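*Asks:* Here is a sequence together with a model predicted from it:
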Amino acid sequence: MQCPSCQNTDSRVLESRAADTGKSVRRRRECLNCDFRFTTYERVETVPITVIKRSGSKETFSRSKLLNGLVRACEKTSIDNQKVESIVDEIEIQLQQRNMKEVKSSDLGEIILGQLKGISEVAYIRFASVYRQFNGINDFVDTLETFKPAQKFATVS
């Protein structure tokens, strides 16, 4: 790390601690040449994800856009904002772990629905109705059918 005072590249770390709720590391350093003390921050660098829209246009993945969509789907449900944030974190991690840096909006929508299905039926239906562009009651009914437990019929011998 280059000293801001003398530009020497030799320094020692005096203290390290987590910053930004664990998303970065704050380090207090001292230059070995001039004894100047300075602070550095280390953060994980991620490659931007590109979302390919239905129209074929591309836009950079927006965490805030995803968060806003999930907040709207989860309004007036038992899902609190902290849980919504953790869902967004999980989806972001899934996207970063993929080998491809482009994702189709349809794939992203299915990932989101997969997260919501086990948490809230209401939030799932709300999100699905916008994402899948429901046109009428039949679209709602078809989606609701996926939540019904399989019916078991007794056989008569």
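*Replies:* Cool, the structure landed.

*Asks:* from here on, contacts and neighbour counts on C-alpha atoms
*Replies:* OK.

*Asks:* Show me the strands in this protein, by range?
*Replies:* With DSSP state E, the ranges of strands along the chain come out as 11-19, 24-31, 37-43, 50-52, 58-60, 102-104.

*Asks:* who does the last one pair up with?
*Replies:* I take that to be strand 102-104. Sheet pairing for strand 102-104, assigned by DSSP bridges, gives strand 50-52 (parallel).

*Asks:* Thought K65 was touching E59, still the case?
*Replies:* No - the criterion here is CA atoms under 8 Å, and E59 misses it with K65 at 11.5 Å.

*Asks:* Tell me the helices and strands packed up against the worst-scoring helix or strand of the chain on mean pLDDT.
*Replies:* Across the helices and strands of the chain, the lowest-confidence element by mean pLDDT, DSSP states H and E is helix 137-145, at a mean of 78. Applying 3 or more CA pairs under 8 Å, 6 or more residues apart in numbering; DSSP states H and E, one finds that helix 137-145 makes contact with helix 121-131.

*Asks:* Can you pull out the residues in contact with the helix it packs on?
*Replies:* Helix 121-131 has contacts (CA atoms under 8 Å, 6 or more residues apart in numbering) with 69-70, 73-75, 77, 109, 113, 116-117, 134, 140, 143-144, 147.
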